[in-house]
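Visitor: Provided below for reference: sequence and predicted model.
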Amino acid sequence: MANPTAAHCSPHRRRSRLYTALLTCALAVLALGVAPVLAATIAWKSDADGSWTTANNWLGGTVPNSSADTAVLGDVIQAPRTITIAGVAITVGDMRFTSAQPYTIAATNGGSLALDGPGTTSISAMGGAHTVTAPVTLRDSLVVSGDAPIIFTSLTSTAGGNRLIRVDGTAAASFAKLVDPTGGRSLRKQGAGTLNLQVSGTNNTGAASGFIRNDEGSGQLNLYGAGNVGAITYNAATGGGTLGIGDSLDFARAGSTPPALLRGTGILAVSGSVFFDANPPEASNTTLQIDLNGPQVGSGYDQLRVVGNVNNNGSIRLNNTTLAIALGTTLASRERFVIVARSQGSAAAATGRISGTFLDLPNGAVLAPQDVPLLISYTDNTVELTRLLTPTLAATSGAGTLIVGETTSVVATVVDADAIPIPGVRVTFAAPDAGPSVSFPDGNTVLTDSEGHASILVRANTNVGSYTVTAVFGPAVTVPASFALTNMAGPAAAIEPLGGTPPEAEVGTTFTAPLRAHVTDAAGNPVSGVTVVFAAPTTGPSGRFAGDPAVTTDAAGVATAPAFVANQDAGSYNVSAHVNGVAASANFDVTNRPALPTPTPPTPTATASPTATATATASPTATATATASPTATASPTATPTATATATASPSPTAIHNPTTAPAPIATPMPTTTTWQRYLPLIFGYGNE
């Protein structure tokens, strides 16, 4: 805006007064030191390499060089192009890359680029991968947006306070180094995009008392390199990221998307604490990359070294972070590598410690990157890896027989290829989930002792039978050790009669089915091989056993008594079955039935109704008359018969007189021969 004093100057009609007025206005502007500053968006127009300071390379002929200017590097280029800042310091407020072809902003002869927007500098990257190799000074916070990666190979933060770098969308910003001259500034990463930060040397951001933090809701924050940095925090509910100790980004290859990762070794010294608080912890999205190439820390292998300060106690929260191991050489057997270490750099750090473990790597676990077995061990101040020499696991003791509910120990032993015991190995035991099995009262994992022994308590369940318990260590693949165990029934705790209907037999006879008793332990399992004694009353209704009443139970826990014979006394009574150690007996309700009477044949007797008699009288012609007597009844042994009597009478008239009938006579049934003899007399034929 023009100065108010200049606004009041107006030309005079006369030439002399006009010159005077113009001169006065000019002097007033110069005296006040005010110059008009206008925001401008200026686009690169040349499809060629060129100099930033050449006005003809920019639309409008104006070089962007103000905190109010936005430099636009658009799609005018048809091939990768380099814009060089030679020997001057250029300042812009914002930058926009909108070309599918990559731009490179370089510097020669001390040239540099300052990002100094009003409040927050904005860089938009669309299309291709773009690189800024010129030294860049960040004077405030930075927002990177778009869908393309952008690389800064040298970035220095100069203003005081915390720096906020926000990477939005799917953009990926990579910084070779974020220099913090005072060592006290902090970096907060926000936005859904990815930030790759290379650290090196001693003056990285937060190196003395600041921090590097991935705020909640943020995308990935990947930190690579060695040197000194401030406290590192991956907050919960972030995109996580990778901490690659000793690694570097290959910025030499311009346009690499993202920069290639070069594995290396080194020490990353953190002033403060390191928190891997990815959420949820059981599915961590943070990774610690460690290279093992030799026995010397720093030059041979990576180390995360944390030193507490007055602001942070030097704690390290691992929280199931993934440990990624890369081996660059053959490691010597039993060689040790302290990959994480903390020290008490101040009195305030005395309370700090290492907490949690790496994902799926509890204390004593054996991992096998590239098939090389490594034992991991945790203390309050260190995490250590030990190279093992072909460890093996064998069952030492504990196989055999258990009584249900019994507790015993099983022991597995871990040794190396030279039969040297390996202490501190985490061994995990497992048993069947159903059927005969054991439980683990003190848990199913244990560390081997100084003799390489992993001893653990097991308790037999209530199921009888054989099964196998196994022991493994891992997650490295190993052949499990096996223990063959059998659960047997406990001591007799109950006895009960078997059978349905109470047995009965006639006095003096043998019962049709033998008496049977079932013996079980406290869990209801059948108990075999115990003696059951059957006993009957000594007086009154009772019986006797045909053999020894002391009987041994079979595999099903059943004792079968010898045949039982009822005595001569009728009535009901109890027969008991008893086993030692069980207070209650099994009782059988038994009955002797009375004998049935023997049937006696009755004496035969005959009874008959009155019999009518027929009398034949003589007539000139002899007539034969047959008279049937009434049916005769007799005792069961007699058979009633009919008697035929022939009587000669002078009168041919038959007279029936029932009142004068003679008493009936029981006559045996004649045989066929007898009847044949009498028939001629009755019917008047035969011998004449």
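Guide: Thanks, I have the structure now.
Visitor: centre of the chain to stretch 134-151, how far?
Guide: Distance, stretch centre to chain centre, for stretch 134-151: 45 Å (CA atoms, centre = their mean, to the nearest Å).
Visitor: how about it: buried residues?
Guide: 134-146, 148-151 (16 or more other CB atoms under 10 Å). Placement of C-beta: from N, CA and C, glycine included.
Visitor: kindly format the C-alpha coordinates of that stretch as PDB.
Guide: In PDB, the C-alpha atoms belonging to stretch 134-151 read as follows (Å, rounded to 0.1, in the frame of the first residue of the first chain):
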ATOM      1  CA  ALA A 134      19.700 -26.800  -2.500                       C
ATOM      2  CA  PRO A 135      20.200 -26.000   1.200                       C
ATOM      3  CA  VAL A 136      16.800 -25.100   2.600                       C
ATOM      4  CA  THR A 137      16.100 -23.000   5.600                       C
ATOM      5  CA  LEU A 138      12.800 -23.500   7.300                       C
ATOM      6  CA  ARG A 139      11.800 -20.500   9.300                       C
ATOM      7  CA  ASP A 140       8.400 -21.700  10.500                       C
ATOM      8  CA  SER A 141       6.200 -24.700  10.200                       C
ATOM      9  CA  LEU A 142       5.700 -26.600   6.900                       C
ATOM     10  CA  VAL A 143       2.700 -28.200   5.300                       C
ATOM     11  CA  VAL A 144       3.300 -30.700   2.400                       C
ATOM     12  CA  SER A 145       0.300 -31.800   0.400                       C
ATOM     13  CA  GLY A 146      -0.600 -33.600  -2.800                       C
ATOM     14  CA  ASP A 147      -0.100 -37.100  -4.100                       C
ATOM     15  CA  ALA A 148       3.600 -37.100  -5.100                       C
ATOM     16  CA  PRO A 149       6.800 -37.500  -3.100                       C
ATOM     17  CA  ILE A 150       9.200 -34.600  -2.600                       C
ATOM     18  CA  ILE A 151      12.700 -34.800  -1.300                       C
END
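Visitor: where is the longest strand in this protein?
Guide: strand 221-234 (DSSP state E).
Visitor: give the rounded mean pLDDT of that one.
Guide: Mean pLDDT, computed over strand 221-234, is 89.
Visitor: next one: stretch 393-411
Guide: 94.
Visitor: retrieve the pLDDT associated with P601.
Guide: 70.
Visitor: and it, that one's in a helix?
Guide: No. Assignment of P601 by DSSP: H, G, I helix; E, B strand; the rest coil gives coil, placing it outside any helix.
Visitor: what about it, neighbour count?
Guide: 7 (other CB atoms under 10 Å).
Visitor: could you do V383 as well?
Guide: Other residues close to V383 by other CB under 10 Å number 26.
Visitor: then T501?
Guide: By the measure other CB under 10 Å, the count of residues near T501 is 7.
Visitor: gap between it and T591?
Guide: Distance, T501 to T591, by CB to CB, to the nearest Å: 11 Å.
Visitor: show me the contacts for the closest residue in space to P373 that isn't next to it in sequence.
Guide: Closest residue to P373 apart from its sequence neighbours, by CB to CB, 6 or more residues apart in numbering: L388 at 4.2 Å. For L388, the contact set (CB atoms under 8 Å, 6 or more residues apart in numbering) comprises S333, R334, V366, P373, L374, L375, D416, I422.
Visitor: what's across from the fifth one in the sheet?
Guide: Think L374. L367, R387 (DSSP bridges).
Visitor: same question, V579
Guide: V532.
Visitor: neighbours around G500, how many?
Guide: G500, neighbours per other CB under 10 Å, totals 5.
Visitor: report the secondary structure state of it.
Guide: Once three-state DSSP is applied, G500 turns out coil.
Visitor: so where does L323 fall, helix or strand?
Guide: For L323, the host element (DSSP states H and E) is strand 322-327.
Visitor: that strand: partners in the sheet, and parallel or antiparallel?
Guide: Here, using DSSP bridges, strand 322-327 pairs with strand 286-292 (parallel).
Visitor: mean confidence score for stretch 467-482?
Guide: pLDDT averaged over stretch 467-482 gives 86.
Visitor: in CSV, list the C-alpha atoms belonging to it.
Guide: Below are the C-alpha coordinates for stretch 467-482, written out as CSV (Å, rounded to 0.1, in the frame of the first residue of the first chain):
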residue,chain,number,x,y,z
TYR,A,467,-1.5,-88.8,26.0
THR,A,468,1.6,-86.7,25.0
VAL,A,469,2.9,-83.5,26.4
THR,A,470,5.3,-81.5,24.1
ALA,A,471,7.9,-78.8,24.8
VAL,A,472,9.3,-76.3,22.2
PHE,A,473,11.3,-73.1,22.1
GLY,A,474,10.9,-70.4,19.5
PRO,A,475,9.6,-68.8,17.4
ALA,A,476,12.6,-70.4,15.7
VAL,A,477,11.5,-73.8,14.3
THR,A,478,12.7,-76.6,16.5
VAL,A,479,11.9,-80.3,16.9
PRO,A,480,9.7,-80.6,20.0
ALA,A,481,10.5,-82.7,23.0
SER,A,482,7.8,-85.2,23.9
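Visitor: which parts of it are buried?
Guide: Y467, V469, T470, A471, V472, F473, G474, A476, T478, P480, A481.
Visitor: just the helices in the chain please.
Guide: Applying DSSP state H to the chain gives helices spanning 4-7, 15-32, 672-683.
Visitor: alpha carbons only: can I get stretch 525-536 in CSV?
Guide: The C-alpha coordinates for stretch 525-536 follow below in CSV (Å, rounded to 0.1, in the frame of the first residue of the first chain):
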residue,chain,number,x,y,z
ASN,A,525,-13.3,-93.3,37.1
PRO,A,526,-13.4,-97.1,37.5
VAL,A,527,-10.8,-98.5,39.9
SER,A,528,-9.3,-101.8,38.9
GLY,A,529,-7.3,-104.3,40.9
VAL,A,530,-8.9,-103.7,44.3
THR,A,531,-10.4,-106.3,46.5
VAL,A,532,-14.2,-106.3,47.2
VAL,A,533,-15.5,-108.6,50.0
PHE,A,534,-19.1,-109.8,49.7
ALA,A,535,-20.9,-110.8,52.9
ALA,A,536,-24.3,-112.3,53.7
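Visitor: buried set for it?
Guide: N525, P526, V527, S528, V530, V532, V533, F534, A536.
Visitor: was I right about T357 contacting L323?
Guide: No. Using CB atoms under 8 Å, T357 makes no contact with L323, being 9.2 Å away.
Visitor: of those two, which one has the most company?
Guide: L323 (22 against 18).
Visitor: bridging residues for the more buried one?
Guide: Residues in beta-bridge contact with L323 (DSSP bridges): L288.
Visitor: distance of it relative to G364?
Guide: 15 Å.
Visitor: can you check V411 too?
Guide: With CB to CB as the criterion, V411 and G364 are 16 Å apart.
Visitor: for the residue nearest to G239 when sequence neighbours are not counted, list the residues it contacts.
Guide: Using CB to CB, 6+ apart and skipping residues adjacent in sequence, the residue nearest G239 is G219, 4.0 Å away. Applying CB under 8 Å, 6+ apart to G219 gives the contacts V167, G191, A192, G193, T194, L195, T238, G239.
Visitor: give the burial count for the closest residue to S343 other than its chain neighbours, as a bare number.
Guide: Leaving aside its sequence neighbours, S343 sits nearest to V307 (CB to CB, 6+ apart; 5.4 Å). For V307, the neighbour count with other CB under 10 Å is 20.
Visitor: so V307 sits against L268, correct?
Guide: No. At 11.4 Å, V307 does not count as touching L268 under the criterion of CB under 8 Å.
Visitor: that concludes my questions; thank you for your assistance.
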